[in-house]
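J.: with the sequence up front, the predicted model follows.
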Amino acid sequence: MRVPKLVGLMAMDAREAATSGGVLLAAPDRPDFPRTIVDYVVRQYPPPGAEVPRGAVVTVWFDFGEGEGGGGAGVHEPRLPRPGGGGMQRELDEPGDPYAVAAFGSLY
């Protein structure tokens with residue numbers, strides 16, 4: 001049997017689609033999953049269309065509702081001091097006089 005597409009469905013619709021598709025659902029980010037109704041599935045594994053045996057477990061993840069946190073990225077603003085530019089400039093000394101010649105002894 002093939003895994004049904006659950007991404008984009010509300011929790012209650014995802015449960016119905018899973019039941020009619022012959023798979024079981026697990027939601028590690030929602031311990032209250034049996035009571036979850038209107039949250040939307042944002043990711044699933046195995047992906048839709050994958051071949052699985054009847055009764056296989058499909059894991060789904062939900063978006064967070066208002067006031068539920070979710071570890072959002074927050075505000076990104078520049079902080080000082082800024083990090084260095086990196087790259088080769090960090091590995092090499094600043095160039096000196098391009099016409100200077102290293103002398104190992106006197107020519108005269």
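T.: That came through, no problem.

J.: and the helices in this structure?
T.: Under the criterion DSSP state H, the chain contains helices at 11-21, 88-91.

J.: let's have those helices in a markdown table, adding mean neighbour count, distance to Thr36 and mean pLDDT.
T.: The C-beta positions use only the backbone N, C-alpha and C, and glycine is treated the same way. Converted to a markdown table, the helices of the chain look like this (neighbours: other C-beta atoms under 10 Å; distance: least, C-beta to C-beta, whole Å; pLDDT from 0 to 100):
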| stretch | mean neighbour count | distance to Thr36 | mean pLDDT |
| --- | --- | --- | --- |
| helix 11-21 | 17 | 4 | 94 |
| helix 88-91 | 8 | 49 | 52 |
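
J.: of the ones you listed, which approaches Ala50 most closely?
T.: helix 11-21 (11.5 Å; C-beta to C-beta).

J.: for that closest one, name the packing helices and strands.
T.: strand 24-26, strand 57-62 (3 or more C-beta pairs under 8 Å, 6 or more residues apart in numbering; DSSP states H and E).

J.: what angle separates it from strand 57-62?
T.: 160 degrees (axes from the mean of the first three to the mean of the last three C-alpha atoms, to 10 degrees).

J.: make a markdown table out of the helices of the chain and add distance to Pro34.
T.: Converted to a markdown table, the helices of the chain look like this (distance: least, C-beta to C-beta, whole Å):
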| stretch | distance to Pro34 |
| --- | --- |
| helix 11-21 | 8 |
| helix 88-91 | 54 |
